[in-house]
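Undergrad: got a predicted structure here, sequence first:
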2 protein chains.
Amino acid sequence: MTSFEDFKSLVKGNRSCRRFDHTVKISMNELFDLVDLARHCASAGNNQPLKYILSTSEPTNQAIFDCLGWAAYLKDWPGPDPSERPTAYIVITGDHTISDKFWCDHGIAAQTLLLGARARSLAGCMFGAINIKKLKSVLDIPDHLEVKLVVALGKPVEKAAIDEVGPDGSIKYFRDENQVHHVPKRSLDTLVFKTFS
Amino acid sequence: MTSFEDFKSLVKGNRSCRRFDHTVKISMNELFDLVDLARHCASAGNNQPLKYILSTSEPTNQAIFDCLGWAAYLKDWPGPDPSERPTAYIVITGDHTISDKFWCDHGIAAQTLLLGARARSLAGCMFGAINIKKLKSVLDIPDHLEVKLVVALGKPVEKAAIDEVGPDGSIKYFRDENQVHHVPKRSLDTLVFKTFS
């Protein structure tokens, strides 16, 4: 049984992570376990149109790495050094032979598998900034699969802090002098537009 | 601490539910707790453009109910009887004054808050089949908020079973003679298109 407080800790601990211990490998079995979580999620009209491409291979990981835009707001940071790169990837695609509409199924799936990774003390990051043409070429992805998200995974070596959005209203994340990654989150009262009780 | 097995149980227990005990109310505080979970989720570019409208009010719940398409595959079922209707709703909207792209943020948020509801022994269902014009009118939603999803919530009185997709390939859910809701899910091996290890 997971209590609400336990689940809340899991969600709060599940920060987007971009630096990993490259010596800690993830097995293919672990990736299958994560996809199995996504398999049990809701899907619009129960269509289940998502298909997954999994990598634990160093050369394939490197090829995927080269297709991703890393941390747009950290202008001086081109992405993690080789020693801090993800050790596994899950590419989430939508299968057009099943449906032409994927709605937000990939968000539901990606969040669920990242929470599962977190429950195994791993961490990861969703990428929507993808060089899709290049990725389709290097992974030989057929045209009926539309790339929706890439999830990078590994053992985290990054500390993250959640801050309140300040008076300037900026939501840009930043790193402090101790390399802690700060993420400004909007306050709860600003997210709730209206209540009826 | 949530173990992987605990989390897997939570995910597997989190079935889309469409029949509830109408006598069990949900408090506005509980809805705020759920939105607070969504607040801690990843958001594309950390933009956090989602805004929430919350209802625990019976007349408002009824007005929202009338805007939703209930269980498309259950052709003979117009939706739950008054005694089995949801006792709360969370309407998830995207704020165009923040961004014009919401990507799959609403999927990430909806799944997270439904898992949180499940950890409190509640259940719910995401609705994309919404009469948006009517909903915007009855809740007086301004034009800068785009309705993305409605999440219905309550105490579940429905049993659900996960089945494998059969030889006919149908993914249509159905109810058996005992009113158990069966949801065919595709097998794990059919979801994984390719592996690199």
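TA: Yep, it's here. Predicted model only: the values in this text are computed from it and were never measured.
Undergrad: wait, A:L54 sits on A:S27?
TA: No - with contact defined as CB atoms under 8 Å, A:L54 does not count as touching A:S27 (10.6 Å). Heads up, the C-betas are built off the backbone N, CA and C, glycines and all.
Undergrad: show me what the lengthiest strand in chain A is packed against.
TA: If you go by DSSP state E, chain A has its longest strand at strand A:145-154. With contacts taken as 3 or more CB pairs under 8 Å, 6 or more residues apart in numbering or on different chains; DSSP states H and E, strand A:145-154 sits against helix A:58-65, strand A:88-95, helix A:105-119, strand A:123-127, helix A:132-138.
Undergrad: would CSV of the ones you listed with distance to chain B, mean pLDDT and mean neighbour count be doable?
TA: As requested, those are exported to CSV (distance: least, CB to the nearest CB, whole Å; pLDDT from 0 to 100; neighbours: other CB atoms under 10 Å in any protein chain shown):
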stretch, distance to chain B, mean pLDDT, mean neighbour count
helix A:58-65, 4, 98, 17
strand A:88-95, 7, 98, 25
helix A:105-119, 3, 98, 27
strand A:123-127, 6, 98, 25
helix A:132-138, 10, 98, 15
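Undergrad: B:Q179: which of these is closest?
TA: B:Q179 lies closest, by CB to CB, to one member of the helices and strands packed on strand A:145-154: helix A:105-119, at 26.2 Å.
Undergrad: my read is A:L10 is in a helix, agree?
TA: Yes - counting by DSSP: H, G, I helix; E, B strand; the rest coil, A:L10 is part of a helix.
Undergrad: how many other residues sit next to it?
TA: Neighbourhood size, A:L10 [other CB atoms under 10 Å in any protein chain shown]: 24.
Undergrad: which non-adjacent residue is nearest it?
TA: B:T2 (4.7 Å; CB to CB, 6 or more residues apart in numbering or on different chains).
Undergrad: pretty sure the one you found is touching A:D6, no?
TA: Yes - assessed by CB under 8 Å, B:T2 is found in contact with A:D6 at 4.8 Å.
Undergrad: can I get the longest strand of chain A in CSV, CA atoms only?
TA: Provided in CSV are the C-alpha atoms of strand A:145-154 (Å, rounded to 0.1, in the frame of the first residue of the first chain):
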residue,chain,number,x,y,z
LEU,A,145,5.9,5.6,-35.8
GLU,A,146,5.8,9.2,-34.8
VAL,A,147,8.4,10.2,-32.2
LYS,A,148,6.6,11.9,-29.3
LEU,A,149,9.1,12.0,-26.4
VAL,A,150,12.5,10.7,-25.4
VAL,A,151,13.0,9.7,-21.7
ALA,A,152,16.6,9.6,-20.5
LEU,A,153,17.4,7.5,-17.5
GLY,A,154,20.2,6.9,-15.1
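Undergrad: and the helices and strands packed on strand A:145-154: which comes nearest B:H22?
TA: helix A:105-119 (27.0 Å).
Undergrad: show me what that closest one is packed against.
TA: In terms of contacts (3+ CB pairs under 8 Å, 6+ apart), helix A:105-119 is packed against helix A:4-13, helix A:28-39, strand A:50-55, strand A:88-95, strand A:123-127, strand A:145-154, helix B:4-13, helix B:105-119.
Undergrad: and that helix with strand B:123-127, angle?
TA: Counting by axes from the mean of the first three to the mean of the last three CA atoms, to 10 degrees, helix A:105-119 lies at 140 degrees to strand B:123-127.
Undergrad: pop the domain breakdown of chain A in here.
TA: Following automatic domain parsing, one gets these domains for chain A: A:4-158, A:159-197.
Undergrad: quick one, which of A:L54 and A:S27 is more surrounded?
TA: A:L54 (23 against 12).
Undergrad: what about A:R175, how many neighbours?
TA: Neighbours of A:R175 (other CB under 10 Å): 17.
Undergrad: what residues are up against it?
TA: A:L74, A:W77, A:H181, A:H182 (CB atoms under 8 Å, 6 or more residues apart in numbering or on different chains).
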